[in-house]
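K.L.:
pasting a predicted model and its sequence here:
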Amino acid sequence: MSAIQALRGTRDILPQESLLWRQVETTAQQILNRAAYREIRPPMFEQTNLFERGIGEATDVVGKEMYTFKDRGDRSITLRPEITAGLVRAFIEHKLFAQGGVQRLWHIGPAFRYERPQAGRQRQFHQLDVELIGSVDARADVEVIAIAADFLQALGLKSLRLDLNSVGNGEDRQRYRAALVDYLTPYQADLDVDSQDRLSRNPLRILDSKAKRTQEIVQAAPSILDHLSPDSQRHFDRVQQYLTDLGIEYQINARLVRGLDYYTHTAFEIQSDDLGAQATVCGGGRYDGLAAQLGGPETPAIGWAIGLERLTLLLQQLQNLPSPEVDFYLVSRGEGAEAQALKLAQTLRRQNFSVEMDLSRAAFGKQFKRADRSGAVACLILGDAEADNQTVQLKWLQTGEQFEMPQAAVGEKVDTLRQKIAAIRQEKAE
Ligand code: ATP
Ligand code: MG
């Protein structure tokens with residue numbers, strides 16, 4: 001019988017890689033905390049029509065990428081393909097209006113899209129999602145962009161570019177859409193198949209087609225930026241001014257439209273040059289129409305999502321995977337010694353040391369080799385002699401220096417041990 005394997009497009013994040021994920025999550029938490037964003041944990045599946053109404057049926061995500069199924073009660077259910085729609089649903093459902101009607105929310109978790117798997121593109125992937133709901137202020141746009149930039153910088157990323165655009169309000173977009181269709185229609189036969197299909201359903205999406213001939217045609221297309229109303233223009237100008245005030249560099253990219261239907265005004269992406277085809281790590285924008293589209297009150301909002309697979313791929317190019325931190329590797333052999341080792345491990349763990357206990361009952365030599373590989377700072381050794389005398393050998397693995405002490409004395413020595421371990425770690429890090 002062949003062994004069962006994970007589904008195509010899904011991946012196990014194994015313990016070593018998880019350390020990097022944890023580092024990413026901790027950094028996110030710190031940066032978001034200091035800007036007063038609060039964590040929210042919505043469910044991973046929702047009614048299908050949340051996404052149909054929210055994201056728009058003409059988008060790739062809803063049109064062909066959703067994991068949708070009927071449950072046993074014959075309801076149509078969808079595994080969330082992104083996080084924003086669920087957060088806005090929760091915002092409306094629980095009337096989450098804080099002071100000034102503003103909520104700052106974040107969430108990290110999986111999302112699901114039926115796509116062709118490749119590096120950085122999976123069927124179950126993960127997003128860090130950040131939303132500022134309830135403000136039209138251009139400072140809100142810049143706040144979320146600044147948080148994304150700070151977060152990526154805090155992780156050590158450097159070769160990043162911020163692309164910025166405005167897709168205006170609904171009316172601006174309608175006027176632009178008409179102009180774009182007028183321009184593209186004569187070229188219809190030259191467009192790639194997907195774009196031909198989009199010409200009637202979602203023409204703005206043609207602007208970010210990856211097909212070469214389509215890109216050439218689009219080069220000379222009218223620009224959304226020539227179709228902004230004075231109000232939309234004013235908002236866009238403010239966003240740019242505030243970005244400049246904060247010293248955040250950006251480039252205007254009038255062809256940046258983003259895939260989902262709910263975007264208005266500001267659209268942005270943060271790209272990395274090190275990622276090959278999947279260059280976008282962060283995508284976001286303003287979505288003033290979404291809450292109303294979902295049946296809630298008119299509520300302006302802006303947010304972004306960072307794809308964590310792509311981000312961690314990038315980080316792995318920049319740094320080695322972090323290694324686990326173990327204080328003591330506990331070696332024991334002989335029945336009495338093994339029983340005492342179990343107790344000693346418990347004592348040390350309760351003192352907040354991390355202790356890895358060897359369970360192999362193998363020869364000492366083998367256990368010592370494992371101790372060396374474990375990354376532990378010190379090895380504790382219990383054999384028959386130690387068991388008889390109620391003592392333990394402590395060996396500092398870096399220097400090989402070793403001494404014996406009574407097991408009962410371990411409790412009194414915790415402070416000295418802690419200091420010494422910290423000093424050795426510090427030295428290693430430098
Ligand atoms: P793309 O054009 O690369 O398909 P998208 O516009 O579909 O991106 P968004 O819906 O904006 O992506 O999602 C935000 C981020 O989530 C992306 O920038 C990317 O980092 C990540 N992402 C999207 N789809 C996947 C996937 N299938 N696998 C891994 N990460 C993904
Ligand atoms: Mg996509």
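P.N.:
Good, I have the coordinates. Residues are numbered from 1 along each chain as shown. Ligands and ions are numbered 1, 2, ... in the order given.
K.L.:
quick check: chain neighbours aside, which residue is closest to the residue of the stretch 1-150 of the chain found nearest ligand 1?
P.N.:
Checking the stretch 1-150 of the chain residue by residue against ligand 1 with CB to the nearest ligand atom singles out residue 125 as nearest, at 3.3 Å. To be clear about C-beta, it is placed using only N, CA and C from the backbone, and glycine gets the same treatment. Excluding the flanking residues, the one nearest residue 125 by CB to CB, 6 or more residues apart in numbering is residue 309, at 5.1 Å.
K.L.:
what's the first helix or strand after the helix or strand bottoming out on mean pLDDT in the chain?
P.N.:
Sorting the helices and strands of the chain by mean pLDDT, DSSP states H and E puts helix 60 at the bottom, at a mean of 84. Next in sequence after helix 60, counting helices and strands by DSSP states H and E, comes strand 67-70.
K.L.:
list the buried residues for whatever helix or strand comes next after that next one?
P.N.:
Later in the chain than strand 67-70, the nearest helix or strand by DSSP H and E is strand 76-79. The neighbour-count check on strand 76-79 (16 or more other CB atoms under 10 Å) flags 78, 79 as buried.
K.L.:
and for stretch 374-383?
P.N.:
For stretch 374-383, by 16+ other CB under 10 Å, it's 374, 376, 377, 378, 379, 380, 381, 382, 383.
K.L.:
beta partners of the closest residue to the first one other than its chain neighbours?
P.N.:
For residue 374, the nearest residue in space outside its immediate sequence neighbours is residue 329; the separation is 4.7 Å by CB to CB, 6+ apart. The residues listed as beta-bridge partners of residue 329 by DSSP bridges are residue 356, residue 379.
K.L.:
helices of the stretch 201-350 of the chain, start to end?
P.N.:
For the stretch 201-350 of the chain, the helices defined by DSSP state H, counting those that start in this stretch occupy 212-219, 230-245, 290-293, 308-318, 335-350.
K.L.:
quick one: name the residues of this protein near ligand 1.
P.N.:
82, 113, 115, 120-122, 125, 127, 259, 278, 280-281, 283, 305, 307, 309-310 (CB under 6 Å from any ligand atom).
K.L.:
mind redoing it with 8 Å?
P.N.:
Within the chain, the positions near ligand 1 by CB under 8 Å from any ligand atom are 9, 60-61, 65, 81-82, 111, 113, 115, 117, 120-123, 125-127, 208, 258-260, 269, 278, 280-284, 304-311.
K.L.:
tell me, how many residues neighbour the closest residue to ligand 1 within the stretch 251-400 of the chain?
P.N.:
Taking CB to the nearest ligand atom, ligand 1 has its nearest neighbour within the stretch 251-400 of the chain at residue 307, 2.1 Å off. Using other CB atoms under 10 Å, residue 307 has 21 other residues around it.
K.L.:
can you check residue 221 too?
P.N.:
Neighbour count of residue 221, defined by other CB under 10 Å: 17.
K.L.:
phi, psi for it please.
P.N.:
Residue 221 has phi and psi values of phi -70, psi 160 when expressed as degrees, to the nearest 10.
K.L.:
which parts of the stretch 1-150 of the chain are helices?
P.N.:
15-33, 48-55, 60, 84-93, 138-154.
K.L.:
mean pLDDT for those helices: which is lowest?
P.N.:
When the helices of the stretch 1-150 of the chain are compared by mean pLDDT, helix 60 comes last with a mean of 84.
K.L.:
pop the domain breakdown of the chain in here.
P.N.:
Residue ranges for the domains of the chain, per automatic domain parsing: 15-169+229-317, 328-429.
K.L.:
which of the ones you listed sits most buried?
P.N.:
Sort the domains of the chain by mean neighbour count, taking mean count of other CB atoms under 10 Å, and domain 15-169+229-317 sits at the top with a mean of 18.
K.L.:
gap between the two ends of it?
P.N.:
18 Å (CA to CA, to the nearest Å).
K.L.:
please compute how far that domain lies from its chain's middle.
P.N.:
The chain centroid and the centroid of domain 15-169+229-317 are separated by 10 Å, computed with CA atoms, centre = their mean, to the nearest Å.
K.L.:
cool, stretch 165-175 as well?
P.N.:
Computed by CA atoms, centre = their mean, the separation of stretch 165-175 from the middle of its chain amounts to 29 Å.
K.L.:
state the mean pLDDT of stretch 391-407.
P.N.:
95.
K.L.:
and it, end to end?
P.N.:
Note: stretch 391-407 ends 5 Å apart using CA to CA.
K.L.:
what lies in contact with that stretch?
P.N.:
Stretch 391-407 is contacted from outside by 329, 340, 344, 371-372, 376-382, 385-386, 389-390, 410, 413, 420, 424, 428, using CB atoms under 8 Å, 6 or more residues apart in numbering.
K.L.:
in this structure, where is pLDDT below threshold?
P.N.:
Applying pLDDT under 70 to the chain flags residues 259-261, 274-278.
K.L.:
if you set the cut-off to 80 instead, what comes out?
P.N.:
Along the chain, the model assigns pLDDT under 80 to residues 58, 97-100, 258-262, 273-279, 319-321.
K.L.:
picking up where we left off before, inside strands: which ones of the residues of the chain next to ligand 1?
P.N.:
Residues of the residues of the chain next to ligand 1 located in strands (DSSP state E): 111, 125-127, 269, 280-284, 304-307.
K.L.:
between these, which sits nearest residue 230?
P.N.:
residue 284 (24.6 Å; CB to CB).
K.L.:
show me what contacts the closest one?
P.N.:
130, 144, 145, 148, 267, 268, 269, 302, 303, 304, 305.
K.L.:
once you drop chain neighbours, what's closest to it?
P.N.:
Leaving out its chain neighbours, residue 284 is closest to residue 304 (CB to CB, 6+ apart), at 2.6 Å.
K.L.:
I figured that neighbour hits residue 143, correct?
P.N.:
No - if you go by CB atoms under 8 Å, residue 304 and residue 143 don't touch, sitting 11.1 Å apart.
K.L.:
which residues do these two both contact?
P.N.:
Contacts common to residue 304 and residue 143, judged by CB under 8 Å, 6+ apart, are absent.
K.L.:
which ones are touching the residue nearest to residue 125?
P.N.:
Residue 309 touches 11, 120, 121, 122, 125, 126, counting by CB under 8 Å, 6+ apart.
K.L.:
who touches the first one in this structure?
P.N.:
When contacts are counted by CB under 8 Å, 6+ apart, residue 11 touches 122, 124, 309.
K.L.:
tell me what the second one is bridged to.
P.N.:
The reference is to residue 124. For residue 124, the beta-bridge assignment (DSSP bridges) gives partners residue 112.
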